[in-house]
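Engineer: Here is a sequence with its predicted model. Questions after.
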Amino acid sequence: MIFRRASKRSRSKRPAWRGRAGGLNVGLLGLLVLLVSITVLACETRHRSAVLVPVGFHAASSDVVSAGILRRTDGQLDEVASRHLVDASRAPDVSSALSPADRDRLLAEPFRLAYAAAWRSELQRRIGHRHVLVGELGESRIETRTEWLPIFLIWITPPFELARRADVPHPIFELRLVDLEAGRIEAEFFAMMPGKDGREGLSAAQLEAALVSMGLREERR
Amino acid sequence: MRRTLRIVRFAVAFGVALALSACGQRGVQLFTHPNPKVPNLHGATVAAFPPLSLSEERGASILALQTLDAVFAAEISGIRFLPPTEVVAQTELSEEEAALLARQMSEFLPIDVEPKRGKARLFSRRRLGDLRLPDRLVVTLQRDPYPKRQLSPAALPTSFFSGLTADYALLTVTFPGYHRISRTAAMLGIVPLAFVRELRADGPRSLFALYEVASGARVWDVIVGVDNRVRPADATAARRRIMDYRMMPVVGVAYLLTGDVEIPLERAIRPRMTE
């Protein structure tokens, strides 16, 4: 009896990570590995929250030309993305006929576009087409929040906010089809880009997807 | 033991009911900030300017423009309207003036506004005039009972409105909001278990401000928003559906100005039904 009690006491003094034979506790170690892998996997989850906003567009027009894709960081045309745009849309390239100011106006907000009638008709005369496809790789200001979410087995409490920052730049991609005659944007594709893609530029597949969602191109089967 | 089991069973049933009620939340949930008293516009003419946009995402303002043109194409409840197409033809704003107006109207924006209590049902039907809707359409409105913050300039130069044959000018500014949320889930509040980062888009929100054409003074302003969270799939599929949340702030302001929800809703939806 005394011997048994003594052995129990000695077992209870053993640290939790030690097994019965004094080695590692395999069960506890497995649980730790599982927790770490869940955390790592969650961190690795891709930024899949792109928000696409195509606006109703009736029919693909043959009277569309491509004005290229502007990089807002340096105000220059993104040559690779612009080439992808011409290839994917099969719209003639008129980017060389446009000045940086023209591209800025094409990418301006709809209100200013509506009131720039003189410039629109002059541009339409110059390029000889009514619909212009133009895009930009830029930045949008967003708010970021850091939260801590305590979980008590099956009970989840509301998250605690640890930090909040406003006006944080986030890479975006916008592609729009402008009707020069009506002074309207006929279709728009807008996406909040994952950080990596925002730095590396657009792929041909991303551009193709944008054109498909705008109704400017049929989906490849 | 039996008592514990009963409590657990009740908790599970409560949780399931809560989840089901959240999933079953349908329709369009409009909200306003604040809840201003609408001036008497009976017999007056209101000119709806094309919407301004505060974000690089112009989708909301493009759709608002289409909806303003459709909703304000004719008189509602004794109030005459000029749609944006006519306003652009009547007013001759230079590009500098247009840029100045955009700057002035966005001075106090964006504002973080959330829906408050007091939800009222504006519309719940399967038919809209002679249109048969594919599903029951429910539109609710929550009015913010708290005092307002400054939303728009108290006055604008009357030169912006020269040439306009209207008594009032309705200016619209759309401002979508994005939040990137980094969340760490912690077991027992201490042990970090998982880290998730997601990007969320608020429902569309628009500022509407009514200015007197003769004096340039502001007579009324309000933010109308849609509480429904816009998921990527919603936005992508929106053009194939009759209802797009981005057109609803315009329907909301038309209701606030005229007191009629059915006519604005029908005019907004009809082109999408017959497309």
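Structural biologist: Everything's here; your move. Residues are numbered from 1 along each chain as shown, chains lettered A, B, ... in the order given.

Engineer: Enumerate the residues of the stretch 1-150 of chain B near chain A.
Structural biologist: For the stretch 1-150 of chain B, the residues in contact with chain A (C-beta under 8 Å from any C-beta of the partner chain) are B:49-53, B:55-63, B:65-66, B:84, B:88, B:93-95, B:97-99, B:101-102, B:112. (C-beta placed from N, C-alpha, C; glycine too.)

Engineer: could you redo the last one with a cut-off of 7 Å?
Structural biologist: Within the stretch 1-150 of chain B, the positions near chain A by C-beta under 7 Å from any C-beta of the partner chain are B:50-53, B:55-59, B:61-63, B:65, B:88, B:93, B:95, B:98-99, B:102.

Engineer: Tell me where the model's unsure across the stretch 1-150 of chain B.
Structural biologist: B:1-2, B:8, B:10-26 (pLDDT under 70).

Engineer: same thing but at 90, please
Structural biologist: Low-confidence segments of the stretch 1-150 of chain B (pLDDT under 90): B:1-39, B:53-66, B:89, B:91-103, B:106-140, B:142-150.

Engineer: would you list every one of the strands in it?
Structural biologist: Applying DSSP state E, counting those that start in this stretch to the stretch 1-150 of chain B gives strands spanning B:28-33, B:45-48, B:52-53, B:80-82, B:119-128, B:131-143.

Engineer: Make a markdown table out of the ones you listed and add mean neighbour count.
Structural biologist: Shown next, in a markdown table, are the strands of the stretch 1-150 of chain B (neighbours: other C-beta atoms under 10 Å in any protein chain shown):
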| stretch | mean neighbour count |
| --- | --- |
| strand B:28-33 | 24 |
| strand B:45-48 | 22 |
| strand B:52-53 | 26 |
| strand B:80-82 | 21 |
| strand B:119-128 | 14 |
| strand B:131-143 | 16 |
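
Engineer: Would you reformat the ones you listed as CSV and include distance to residue A:117?
Structural biologist: CSV is the format used below for the strands of the stretch 1-150 of chain B (distance: least, C-beta to C-beta, whole Å):
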stretch, distance to residue A:117
strand B:28-33, 34
strand B:45-48, 18
strand B:52-53, 18
strand B:80-82, 18
strand B:119-128, 36
strand B:131-143, 35
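
Engineer: Looking at those, which is nearest to residue B:212?
Structural biologist: For the strands of the stretch 1-150 of chain B, distance to residue B:212 was read as C-beta to C-beta. The smallest value, 10.8 Å, belongs to strand B:45-48.

Engineer: Quick one: list the elements packing against the closest one.
Structural biologist: If you count contacts as 3 or more C-beta pairs under 7 Å, 6 or more residues apart in numbering or on different chains; DSSP states H and E, strand B:45-48 packs onto strand B:80-82, helix B:84-90, strand B:168-174.

Engineer: Just checking: what are the partner strands of it?
Structural biologist: If you go by DSSP bridges, strand B:45-48 pairs up with strand B:80-82 (parallel), strand B:168-174 (parallel).

Engineer: Read off the pLDDT value for residue A:46.
Structural biologist: Looking at residue A:46, its pLDDT is 40.

Engineer: on that earlier part again, and among the strands paired with strand B:45-48, the most buried is which?
Structural biologist: Counting by mean count of other C-beta atoms under 10 Å in any protein chain shown, strand B:168-174 has the highest mean neighbour count of the strands paired with strand B:45-48, with a mean of 25.

Engineer: what sits up against the helix or strand that comes right after that one?
Structural biologist: Sequence-wise, the next helix or strand downstream of strand B:168-174 (DSSP states H and E) is strand B:178-187. Residues from elsewhere that reach strand B:178-187 (C-beta atoms under 7 Å, 6 or more residues apart in numbering or on different chains): A:140, A:142-151, A:159, A:170, A:192, B:192-201.

Engineer: Keep only those of these that are in strands.
Structural biologist: Counting by DSSP state E, the contacts of strand B:178-187 place A:140, A:142-151, A:170, A:192, B:192-201 in strands.

Engineer: among the residues you listed, which ones are buried?
Structural biologist: By neighbour count, with 16 or more other C-beta atoms under 10 Å in any protein chain shown, those hold A:140, A:142-147, A:149-151, A:170, A:192, B:194-195, B:197, B:199-201 as buried.
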